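[1] The following block contains a protein sequence and its predicted model.
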Amino acid sequence: MVHEQGNGHDDVILEVNNLRTYFRLDEGLLKAVDGVDLKIKAGKTLGIVGESGSGKSVTSQSILRIVPKTAAVEGEIKLRRRKQGKTEIVDLARMEPEGADIRSIRGGEISMIFQEPMKAFSPIHTIGNQIMEAILLHRTKDKEEAKRTAIDTLRKVGMSNPEQRFGEYPHQLSGGMRQRAMIAMALSCSPSILIADEPTTALDVTVQAQVLQLINDLKRTIGTSVIFITHDLGVIAEMSDEVAVMYLGKVVEYTDVDSLFYGALHPYTQALLHSIPSVAKRNARLDSIEGTVPYPMNLPKGCGFYSRCKRAQDGLCNREDVPLVEVKKGHYVRCLLVETKAPAGVGGLHGEQ
Ligand SMILES: Nc1ncnc2c1ncn2[C@@H]1O[C@H](COP(=O)(O)OP(=O)(O)OP(=O)(O)O)[C@@H](O)[C@H]1O
């Protein structure tokens, strides 16, 4: 539940509770997202990390209600927003996916940037007109003001000569500039939440660093909250205040970014950390995680990571589904070994592999 007043939860602007997004396929029910809880705080970045197939993208698509028709979204997606001077809470999970309510939120209060900017823009209209259109839809009916806002936003995202860029077509821009234009479009309606789904994966390293820096700067200056989705822990370290580690449609560890990098408790998070050179200790052997994320259909009972976990215990980890437990303040872990080994303090598990 999102609480409205006086209870310390006021900075939470989006709360996802027990989100389940299941695809009905001919072969059976595919549980892409299976009981995800998340909290997005005002002006903060929540990083969501996990391997391919862990359910990161379907989670963000579920929040915006843009999942394919073969999938159903259940659970709560509670957005706290100001409307006509009052705070109200709306549940996006209850909205009609094509209805006016969610359409006004998409691109209004919540907007999204993703890997391929060409998908965000139509090739036959100038980027300026497309940004203006979004502003006219969500913010103002005044064309002159919309144009000024569009040019101003292009300037804010670091586009040189924004008046000229305004009149250019997407194919006339470089990859990095297109990414900036997409960020401008996403920010033009002053969203309270920006969802960034692997926005820099397709860019070369230098441009990637610039775009990440830009998102961080904008978050600071505009105060937008960010949900940043990536498989790259290096990017997570740079971008996040809090981190949710996803595996097989579930959050397996959830904590602030420092606790994640210096005190990860879930064997999956630890394995992820040991698989990247910049975080693993110098001279330590780099491990890649053997195997792949299983296909989320007809899964056996127990921990989803059981088949790949080096510490898995037969008869314990493969018996019941494992709950996400708060092992210390603000640090949640879905692992029976962490719970049973360290009921009164979690220090002993740090760094263990
Ligand atoms: N349109 C779809 N129809 C059927 N299954 C889907 C569809 N989209 C995603 N899935 C399945 O849902 C699960 C989660 O996918 P999702 O794309 O959210 O993972 P991800 O963590 O974002 O991975 P990636 O980084 O590769 O995008 C996967 O098993 C995937 O095969």
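    Received, thanks. Numbers count the residues shown, from 1 in each chain.

[2] Could you use CA atoms for every contact and neighbour count after this?
    OK.

[3] what's the burial count for V251?
    Neighbour count for V251, taken as other Cα atoms under 10 Å: 28.

[4] Also the one 10 residues further on?
    Using other Cα under 10 Å, the number of residues around F261 comes to 20.

[5] Report the separation between it and the ligand.
    20 Å (Cα to the nearest ligand atom, to the nearest Å).

[6] in which helix or strand would I find that residue?
    Secondary structure assignment for F261, by DSSP states H and E: helix 257-263.

[7] what's the answer for T269, then?
    helix 267-274.

[8] immediately after that helix, which helix or strand?
    strand 325-328.

[9] Can you tell me the strand partners of the helix or strand following that next one and which way each runs?
    The helix or strand immediately downstream of strand 325-328 is strand 331-333, counting by DSSP H and E. Sheet pairing for strand 331-333, assigned by DSSP bridges, gives strand 250-256 (antiparallel), strand 325-328 (antiparallel).

[10] ok, what's across the strand from the residue lying closest to H331 once chain neighbours are set aside?
    Leaving aside its chain neighbours, H331 sits nearest to T255 (4.6 Å; criterion: Cα to Cα, 6 or more residues apart in numbering). Beta bridges link T255 to V243 when assigned by DSSP bridges.

[11] how far away is Y22 from the ligand?
    Applying Cα to the nearest ligand atom to Y22 and the ligand gives a distance of 8 Å.

[12] Okay, and that residue sits in which element?
    Counting by DSSP H and E, Y22 is found in strand 12-25.

[13] Quick one: list the elements packing against that strand.
    Under the contact criterion of 3 or more Cα pairs under 8 Å, 6 or more residues apart in numbering; DSSP states H and E, strand 12-25 touches strand 28-41, helix 56-64, strand 71-83.

[14] which residues of the stretch 201-350 of the chain score low on pLDDT?
    277-288, 339-350 (pLDDT under 70).

[15] Could you show which parts of the chain are in contact with the ligand?
    23, 32, 51-58, 68, 295-296 (Cα under 6 Å from any ligand atom).

[16] what about the stretch 1-150 of the chain, any weak spots by pLDDT?
    1-10.

[17] how about L212, what does it touch?
    Shown in contact with L212 (Cα atoms under 8 Å, 6 or more residues apart in numbering): 200, 239.

[18] Same question for G223.
    G223 neighbours (Cα under 8 Å, 6+ apart): 42-43, 192.

[19] sorry, back to before: for the helix holding F261, the distance to its chain's centre please.
    18 Å (Cα atoms, centre = their mean, to the nearest Å).

[20] Which strands or helices does it pack on?
    strand 242-247.

[21] Show me what the strand it packs on is packed up against.
    strand 45-49, strand 250-256, helix 257-263.

[22] Swap in 6 Å and give it another go.
    strand 45-49, strand 250-256 (3 or more Cα pairs under 6 Å, 6 or more residues apart in numbering; DSSP states H and E).

[23] deepest of those, which one?
    strand 45-49 (a mean of 27; mean count of other Cα atoms under 10 Å).

[24] Contacts for that strand, please.
    225-231, 236, 240-245 (Cα atoms under 6 Å, 6 or more residues apart in numbering).

[25] One more pass at 7 Å, please.
    With Cα atoms under 7 Å, 6 or more residues apart in numbering as the test, strand 45-49 has contacts from 40, 56, 225-231, 236, 239-246.
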